[in-house]
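# Sequence first, predicted coordinates after that:
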Amino acid sequence: MPHTIRNPIEYMSDEVAGLAHGVERAGKSMHRTSTHMFTAPLAVQRIALADLGDALVLGYRDLAAYRTDVFFLIGIYPLVSLLIAAVAFNYQLLPFLFPIVSGTAIVGPFVGVVLYEMSRRREIDALRRREDHPTWSYAAGVVRSRNFGAIAMLGVILVALYLLWLATAYGIYVALHGVQPIQTVGFFVQQVLQTPAGWWLIGLGCAIGFLFAALALMIGVVSFPLLLDRDVGLGTAIWTSVRAVAGNPVPMAAWGLIVVAGLVLGAIPLFIGLVVTMPLLCHATWHLYRKLVPRRAERQMAG
């Protein structure tokens with residue numbers, strides 16, 4: 001069938017109408033979440049370390065198809081610029097710098113929802129043998145999802161966890177260093193790297209941050225893509241995610257290390273690398289979900 005070229009007004013009208021319909025469905029889904037909390041449990045697959053490499057390769061192909069590095073460039077750099085400017089004008093914010101950056105591992109599963117949807121739509125196009133070029137408009141499918149309310153609620157949980165991490169990290173800093181004013185960046189670095197209190201700060205901060213990140217991984221790595229993909233309750237999605245991590249301790253621990261390493265390497269050169277590592281990890285998470293809860297396991301377990 002030949003394609004017809006629509007004029008811009010007609011195209012925008014269709015897009016606005018589709019978005020309005022999506023918002024209406026989103027409102028209904030918020031109410032639906034409270035009455036659709038638990039559904040029948042799903043089977044979870046065991047995976048191997050090699051599956052992590054496969055997920056990363058497939059994630060890279062999605063990134064290349066959509067160029068979501070541009071998507072993150074537009075989204076991340078204004079925020080990074082504001083953060084750097086805030087620290088430059090107020091050195092008292094320096095203790096928050098590491099918790100804010102490292103906390104991306106906590107909210108990462110929620111941030112990646114849009115990219116999960118794009119990977120999902122590309123997968124559907126491949127199954128239907130469609131040759132249309134992937135488009136960012138696929139991201140709007142998140143709003144139109146019947147589980148949008150559950151996704152939003154789970155996102156609020158992770159954001160609350162992120163804020164709790166920030167408060168905890170600052171509390172550790174104050175307990176070890178007090179509320180003494182920070183005069184310069186050099187003074188702060190010296191206090192952290194060259195004093196016993198600073199060494200304790202690094203050790204405790206990394207240990208407690210790891211626990212926060214591990215909890216976020218357990219409840220979010222499978223639940224977000226699962227809610228996008230299937231008609232399941234929020235409670236069931238979270239429990240399936242926990243079971244997937246518990247049933248694959250070594251591969252999922254390795255995945256957590258991959259995520260942390262990607263975020264650290266991406267953040268070192270003035271956050272430039274995050275433009276690539278974050279969308280790559282998000283797209284790869286969708287394919288990891290597919291391996292943990294594959295199509296052939298779509299049959300629900302009895303009990």
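Great, that's in hand.
# can you pull out the helices in the chain?
Taking DSSP state H as the criterion, the chain carries its helices at 8-35, 49-66, 68-89, 94-102, 104-111, 113-127, 141-144, 148-177, 185-193, 196-220, 223-229, 234-247, 249-267, 274-292.
# Let's have the ones you listed in JSON lines, adding mean neighbour count.
C-beta coordinates here come from the backbone N, C-alpha and C atoms, glycine included. Shown next, in JSON lines, are the helices of the chain (neighbours: other CB atoms under 10 Å):
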{"stretch": "helix 8-35", "mean neighbour count": "12"}
{"stretch": "helix 49-66", "mean neighbour count": "17"}
{"stretch": "helix 68-89", "mean neighbour count": "14"}
{"stretch": "helix 94-102", "mean neighbour count": "18"}
{"stretch": "helix 104-111", "mean neighbour count": "22"}
{"stretch": "helix 113-127", "mean neighbour count": "20"}
{"stretch": "helix 141-144", "mean neighbour count": "19"}
{"stretch": "helix 148-177", "mean neighbour count": "18"}
{"stretch": "helix 185-193", "mean neighbour count": "14"}
{"stretch": "helix 196-220", "mean neighbour count": "17"}
{"stretch": "helix 223-229", "mean neighbour count": "27"}
{"stretch": "helix 234-247", "mean neighbour count": "21"}
{"stretch": "helix 249-267", "mean neighbour count": "17"}
{"stretch": "helix 274-292", "mean neighbour count": "24"}
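# Point out the one among these that comes closest to residue 43.
Relative to residue 43, the nearest member of those by CB to CB is helix 234-247, separated by 9.2 Å.
# Need the contact partners of the closest one.
The contact list for helix 234-247, computed with CB atoms under 8 Å, 6 or more residues apart in numbering, reads 33, 36-42, 44, 46, 147, 150, 153-154, 217-224, 226-227, 232, 252, 292-293.
# switch the cut-off to 6 Å
For helix 234-247, contacts defined as CB atoms under 6 Å, 6 or more residues apart in numbering pick out 33, 37-39, 42, 44, 150, 218-219, 221-223, 226-227, 252, 292.
# Most widely separated two among the residues you listed?
33 and 252 (26.4 Å).
# still on that earlier bit, from the contacts of helix 234-247, which shows the smallest pLDDT?
Within the contacts of helix 234-247, pLDDT reaches its minimum at residue 33, with 58.
# low-scoring stretches of the chain, by residue?
Scanning the chain for pLDDT under 70 picks out 1-36, 71-89, 129-141, 269-270, 296-303.
# Distance check, residue 189 against residue 202.
12 Å (CB to CB, to the nearest Å).
# oh, I was asking about residue 194
In terms of CB to CB, residue 194 sits 11 Å off from residue 202.
# just residue 150 next, same as before
37 Å.
# Likewise for residue 283?
32 Å.
# again with residue 149
In terms of CB to CB, residue 149 sits 40 Å off from residue 202.
# Same question for residue 185.
17 Å.
# go on, residue 267?
On the measure of CB to CB, residue 267 and residue 202 end up 16 Å apart.
# got it, and residue 92?
Residue 92 is 20 Å from residue 202, by CB to CB.
# Could you do residue 191 as well?
For residue 191, the distance to residue 202 - CB to CB - is 11 Å.
# How much space separates the closest residue to residue 94 other than its chain neighbours from residue 173?
Once flanking residues are discounted, residue 94 sits nearest to residue 188: 4.8 Å by CB to CB, 6 or more residues apart in numbering. According to CB to CB, residue 188 stands 10 Å off from residue 173.
# Kindly report the same for residue 63.
Taken as CB to CB, the span from residue 63 to residue 173 is 36 Å.
# now do residue 257
Taking CB to CB, one finds residue 257 at 25 Å from residue 173.
# Then residue 48?
The value you get for residue 48 to residue 173, if CB to CB is used, is 40 Å.
# Also residue 239?
Taking CB to CB, one finds residue 239 at 35 Å from residue 173.
# what's the answer for residue 235, then?
36 Å.
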